[in-house]
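Student: what's the 3D shape of this:
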Amino acid sequence: MMKKVSKDGSDPFEIAYIIKEFPRLSETFISNEIYQLEQIGMRLRLFSVKRPGIRKNHGTVDRIKSPIIYLPEASSLSESHFIRWLWVHFPKFIKDHVRLFRLRPRHYLRTLKEAVQMSLRYRTWFFDRPKKVFIKEFLQAGFIARQVIEAGNIRHLHAHFCHGATTIAMFAGRLSGIPFSFTAHAKDIYLQKLNPGDLLQIKIKEAEFVVTCTEANRIYLKSLSPESNSVHTIYHGLDTTLFSPEEEKGSPLVTPLILSVGRFVEKKGFVHLVRACAILKERGHPFRCRIIGEADEQSPLLKELIGDLGLEKIVSLEEAVTHEALKRIYAECAVFVLPCQIVENGDRDGIPNVLVEAMSMRRPVVSTMISGIPELIEHRRNGLLVPQKDPTELALALETLLKDPDLRTLLGTAARRRVCTHFDSTKTTQALRALFLSSIKGGRLRPL
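Tutor: Presented below is the predicted three-dimensional model:
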C-alpha cells in the first residue's frame, strides 16, 4: 500500500515543535534539525515560547519554511506576586482555556489539578511558596493545545530541552490528547533544580519516546527510568557539505591560530584555555588565540584573567558570528580547542556542535575526557583528549600540534572521516523521522 502524501510530496500530517526561544544563535542544532526534516518531507509547525533576543541568524534559519508561532508574552514569575501576574497575563490565554474546557472538560480539569499539585509537590521546603512556574507553563500549554486541536492535522508534539519546553509539551499533550516526545541535551538533564524531585522520571515515562545527543546521556536517563525502552541516542547532525574544507578556500595563517568557540560560561573551560595560552607564551611559541562566542557570566572574569596574564596582544574575546563567517575562521586555524568541564552544579556539555563543525572542516581538535566527547574524539586517532580543568596538559596537547604539522594533517583527515560517517545530518535526520512515523502509526491519540 502506498504511503499517502500531499501534493508537494511531503507527509500530510504535521509535527508541532515546542522550543523555548527560536531562533537562537547558539542553538544551531535545533535550526539544522528543523531544516533537514523539512528537506526530507516532514511538515512542521514551530511554537516558540519567547521571541529571539538577538537578531543575528545563521543562513539555515532563513531557509526554514515552517510557520513560527510565538506564544503570548509572559513575564517571569520569580519576582512577581502571583495574583498580580495572573491579573496581567491570564486574559492573554483565557479564550484558549475556555475552548479547551468545553472540548475536553475531564482532561482539562485533570491537567489543571496536576499543574497545581506539581507547584506544591516540587517546593524546596514544605513551607516554601508553591512553584508558580507550573501554572505559567499550564497556561502556555493551553495556547498550544488549542492551536493543535484546531489545526486538525498535527499528530505529534516534540520539545527541545527536557525542562520548561517539555513541561509545556507534556501539559499540551494531556490537554489535546496528542502524544509528545522530547530531546534532552545537557544542563537540562543534570541540574536537579530544572526538574525537581521525580519530574524528569515522570516525563520519560509519559513521553512516547525520548531522544538525547550522546550515549552517555542515554545511559543516565535510562538509569532514572529503567523500565523505559524509549530512550534513543541520535547525535546532532551536521551538514557536511556546508562545513566542508573544499567549500572554504582559506588556509591556516602564518602565525598559528588557536581557535575556540562557545558561550562564555563556566562549563566551556575557557579559563583553563587562557592559562594554557600563558604557558605556551612562556615556552616561546608564536601563536594567536581567538575565543568567539556570546557574552555571558564569565565574560568579565575572562577579560580580567587575560589582562592579569599579559595576554592582551595574543588572546582575544570576540562576539558570536554566523556559520558563514565561522567557516572562514575554521579554515584559518591551525588547531581548534574546547576544554569542556563538569561544573559544581553538574552542568556540562554533551557533544559540543562546534567540535563536530571543526572536525568536519578537517581541523585537528583538542578537548577533554568528559560526557559524550569521547564518543566523537578518539585520542590520537582523530583528535587529542586531555583531563578536564588541567591547563598544563592542555598546553602540552596544543604544543604537540603546533610543533607537528604532519600530525595536524593526519588527525584532521581522520576527524573529517569520523564526522561524515557518524554525524552527517542526512543520516541522523532519518533516524529521528523514523521515530516520529512510529509514534504516528501507533495512533495513541485520545478521543475528544
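Student: For Ser316, what are phi and psi?
Tutor: Ser316 adopts backbone torsions of phi -130, psi 140, taken as degrees, to the nearest 10.
Student: can you pull the contacts of it?
Tutor: Residues in contact with Ser316 (CB atoms under 8 Å, 6 or more residues apart in numbering) are 288-291. From N, CA and C alone the C-beta is placed, and that goes for glycine too.
Student: Which ones among those residues lie within helices?
Tutor: Applying DSSP state H to these, no entry is found in helices.
Student: pretty sure Lys65 is in a helix, no?
Tutor: No: using DSSP: H, G, I helix; E, B strand; the rest coil, the assignment for Lys65 is coil, not a helix.
Student: What is the neighbour count of Glu114?
Tutor: 17 (other CB atoms under 10 Å).
Student: Give me the packing partners of the one helix or strand Leu410 maps to, helices and strands only.
Tutor: Using DSSP states H and E, Leu410 maps to helix 405-422. Under the contact criterion of 3 or more CB pairs under 8 Å, 6 or more residues apart in numbering; DSSP states H and E, helix 405-422 touches helix 353-360, helix 391-403.
Student: Could you identify which of the ones you listed is most buried?
Tutor: helix 353-360 (a mean of 26; mean count of other CB atoms under 10 Å).
Student: contacts for the helix or strand just after that helix?
Tutor: For helix 353-360, the following helix or strand on the C-terminal side (DSSP H and E) is strand 365-368. With CB under 8 Å, 6+ apart as the test, strand 365-368 has contacts from 269, 335-341, 352, 355, 358-359, 373, 377, 382-388, 394, 397-398, 401, 411, 415.
Student: Name the strands paired with strand 365-368 and say parallel or antiparallel.
Tutor: Using DSSP bridges, the strands paired with strand 365-368 in its sheet are strand 335-338 (parallel), strand 384-386 (parallel).
Student: sorry, back to before: and the helix holding Leu410, what's buried?
Tutor: Across helix 405-422, burial judged by 16 or more other CB atoms under 10 Å covers 408, 411-412, 414-416, 418-420.
Student: Spatially, which two of those residues are the most separated?
Tutor: The most widely separated members of the buried residues of helix 405-422 are Arg408 and Cys420, with 18.8 Å between them, by CB to CB.
Student: What residues does Glu215 make contact with?
Tutor: Neighbours of Glu215 in contact, by CB under 8 Å, 6+ apart: 233, 372, 375.
Student: pretty sure the second one contacts Thr212?
Tutor: No: with contact taken as CB atoms under 8 Å, Gly372 and Thr212 are classed as non-touching, separated by 9.0 Å.
Student: Show me which of the two is the more surrounded one.
Tutor: Neighbours were counted for Gly372 and for Thr212 using other CB under 10 Å; Thr212 has more, 27 against 22.
Student: I'd like to know how many residues surround the closest residue to the more buried one other than its chain neighbours.
Tutor: For Thr212, ignoring the flanking residues on the chain, the nearest one in space by CB to CB, 6 or more residues apart in numbering is Ala184 at 4.5 Å. Residues near Ala184, counting by other CB under 10 Å, number 29.
Student: C-terminal to the helix-or-strand element of the chain with minimal mean pLDDT, what's the next element?
Tutor: Ranked by mean pLDDT, DSSP states H and E, the weakest helix or strand in the chain is helix 59-63, scoring a mean of 88. Per DSSP H and E, the first helix or strand lying C-terminal to helix 59-63 is strand 68-70.
Student: for the next helix or strand after that following strand, packing partners?
Tutor: Downstream of strand 68-70, the first helix or strand assigned by DSSP H and E is helix 82-103. Judged by 3+ CB pairs under 8 Å, 6+ apart, helix 82-103 is in contact with helix 105-121, helix 133-151.
Student: Identify, out of these, the most deeply packed stretch.
Tutor: In terms of average neighbour count - mean count of other CB under 10 Å - the standout among these is helix 133-151, at a mean of 23.
Student: Between the strands paired with strand 365-368, which one is closest to Ile219.
Tutor: That would be strand 384-386 among the strands paired with strand 365-368, by CB to CB, at 19.2 Å.
Student: Residues contacting stretch 292-308, please?
Tutor: Residues external to stretch 292-308 that are found in contact with it (CB under 8 Å, 6+ apart): 25-26, 54, 259-266, 268, 270-271, 274-275, 291, 312, 315, 317-321, 326, 329.
Student: Leu139: what's it in contact with?
Tutor: 74, 89-90, 93, 97.
Student: how about 6 Å then?
Tutor: Phe93 (CB atoms under 6 Å, 6 or more residues apart in numbering).
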